[in-house]
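1. Could you work out the structure for the sequence below:
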Amino acid sequence: MEKVREELEKIQQQLQNVLVQKETLKIQKIEVEKALSEIEKSKEKFAYKIVGNVMVKKNIDELKKELKENLEGLEIRIKGLENLEKNLTDRLKELSKKIKGG
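-> The predicted model follows:
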């Protein structure tokens, strides 16, 4: 029974980490969506991108492409974390039943 409790605690910690990562990615996704929205509205041909400690002038079309790719990557990572979250939650339910039942 002690091993089940240890596994339960371990999975709870993993789930907490997944939730924190997912929230971080969601915040990044919102920021990218805002940037993309502003660029879409812009009539300018160039904009500035922050790279490290430097602002670099870039073509708007290149920036749009980069932001869309970034957004796609974030969505894939969020989806993966959501799947992991579901698996961990299901495992927690199983372990809780074992503890309560036995």
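
2. can we go C-alpha only for contacts and neighbour counts from here?
-> Will do.

3. for this structure, which spans come out with low pLDDT?
-> The chain contains residues with pLDDT under 70 at 102.

4. quick one, longest helix in it?
-> helix 60-101 (DSSP state H).

5. ok now it, how far from the chain's centre?
-> 7 Å (C-alpha atoms, centre = their mean, to the nearest Å).

6. ok, now stretch 38-49?
-> That offset, for stretch 38-49, works out to 26 Å (C-alpha atoms, centre = their mean).

7. Now do the buried residues in that stretch.
-> Using 16 or more other C-alpha atoms under 10 Å as the test for burial, stretch 38-49 gives 39, 47.

8. So what touches that stretch?
-> Identification of contacts with stretch 38-49 by C-alpha atoms under 8 Å, 6 or more residues apart in numbering yields 55-61, 63-64.

9. Dump these to a markdown table, plus distance to residue 76.
-> A markdown table is the format used below for those (distance: C-alpha to C-alpha, whole Å):
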| residue | distance to residue 76 |
| --- | --- |
| 55 | 28 |
| 56 | 27 |
| 57 | 28 |
| 58 | 26 |
| 59 | 26 |
| 60 | 24 |
| 61 | 23 |
| 63 | 20 |
| 64 | 18 |
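
10. ChimeraX command to pick out the buried ones of those residues?
-> Here is the ChimeraX selection string for the buried members of the contacts of stretch 38-49, based on 16+ other C-alpha under 10 Å:
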select :60,63,64
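
11. Relative to residue 88, which of the contacts of stretch 38-49 is nearest.
-> Comparing those against residue 88 with C-alpha to C-alpha places residue 64 closest, at 35.8 Å.

12. which residues does that closest one contact?
-> By C-alpha under 8 Å, 6+ apart, the contact set of residue 64 is 36, 39-40.

13. can we see that at 10 Å?
-> Going by C-alpha atoms under 10 Å, 6 or more residues apart in numbering, residue 64 touches 35-37, 39-40, 70.
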